[in-house]
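Trainee: Show me the folded form of this:
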Amino acid sequence: MAKYVALLRAINVGGHSIIKMSDLRELCTTLGLQNISTYIQTGNIIFESELSSTDLKQLLEDKLTDQLDYKIVAFIKTPKQLRAIVDNNPFSGKELGEDYKRYVTFLAGELTDSAGQLLAERSDDYVTYHPGVQIIYTSLRKDSPKPVFDNHLVEKIIGHDATTRNWQVVQKLAELATI
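Mentor: Next up, the predicted model:
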């Protein structure tokens with residue numbers, strides 16, 4: 001039995017795709033997942049399963065899409081993968097202070113060189129994109145003209161699904177997944 005974290009794209013964001021976390025946990029129980037817990041209302045599920053991450057992704061996407069009547073995209077990570085994301089944060093050596101918000105965007109596929117270049121070209125005095133392996137780290141100045149991270153823009157540039165979590169959520173999920 002292995003532990004996993006599923007990050008579901010676009011759950012309870014902007015008043016769309018609303019599901020109570022208790023209902024989500026119940027749905028996950030019917031899929032045979034065990035020791036299920038959720039963290040905040042944005043579709044973060046910690047659980048155990050004997051299935052592979054590939055099989056879990058397919059199972060969650062198919063069954064939840066069917067049950068909820070809207071497209072669900074699941075990003076499956078192990079505790080070790082989440083810990084590596086936290087440990088490899090390119091902004092940890094820089095003191096960004098309270099003037100910045102930090103995010104991690106999880107990608108459904110590999111980031112191509114051309115997409116990475118397009119993101120780099122969008123970096124400016126307010127936002128910095130730092131590509132990783134199937135993730136993008138982002139810092140955003142709080143006084144930015146667009147003070148909210150735009151996941152749809154990133155999806156358009158990279159050409160496939162993505163989901164974004166703020167830095168505190170990623171740190172907390174890594175911590176909870178290792179307990």
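Trainee: In the helix ranked longest in the chain, which residues are buried?
Mentor: Longest among the helix segments of the chain by residue count, using DSSP state H, is helix 53-68. Buried residues in helix 53-68, counted by 16 or more other CB atoms under 10 Å: 53, 56-57, 59-61, 64, 68. (C-beta placed from N, C-alpha, C; glycine too.)
Trainee: helices or strands up against it?
Mentor: Taking 3 or more CB pairs under 8 Å, 6 or more residues apart in numbering; DSSP states H and E as the contact definition, the neighbouring helices and strands of helix 53-68 are strand 2-8, helix 21-30, strand 74-77.
Trainee: so what's the backbone phi/psi at D161?
Mentor: The main-chain torsion angles of D161 are listed as degrees, to the nearest 10 and equal phi -60, psi 150.
Trainee: For it, grab the count of nearby residues.
Mentor: The burial count assigned to D161 is 17, neighbours taken as other CB atoms under 10 Å.
Trainee: residue contacts, it?
Mentor: By CB atoms under 8 Å, 6 or more residues apart in numbering, the contact set of D161 is 9, 73, 107-108, 155.
Trainee: ranges for the helices of this protein?
Mentor: 21-30, 53-68, 79-87, 113-122, 151-158, 167-177.
Trainee: Compare these and report which one is nearest to L140.
Mentor: helix 167-177 (10.5 Å; CB to CB).
Trainee: same for that closest one, what does it pack against?
Mentor: Under the contact criterion of 3+ CB pairs under 8 Å, 6+ apart, the helices and strands touching helix 167-177 comprise strand 2-8, strand 34-39, strand 44-49, helix 79-87, strand 100-107.
Trainee: Any regions of the chain where pLDDT drops low?
Mentor: Within the chain, the set of residues satisfying pLDDT under 70 comprises 13-16, 93-97, 147.
Trainee: Identify the residues contacting the residue of it positioned farthest from its centre.
Mentor: Relative to the centre of the chain, and counting by CA atoms, centre = their mean, the farthest-placed residue is D125 at 24.6 Å. For D125, the residues meeting the contact criterion (CB under 8 Å, 6+ apart) are R141.
Trainee: quick one: it and I157, what's the gap?
Mentor: Using CB to CB, to the nearest Å, we find D125 at a distance of 19 Å from I157.
Trainee: sorry, back to before: now the contacts of D161 as a markdown table including neighbour count?
Mentor: Below are those laid out as a markdown table (neighbours: other CB atoms under 10 Å):
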| residue | neighbour count |
| --- | --- |
| R9 | 22 |
| V73 | 21 |
| L107 | 22 |
| A108 | 17 |
| E155 | 18 |
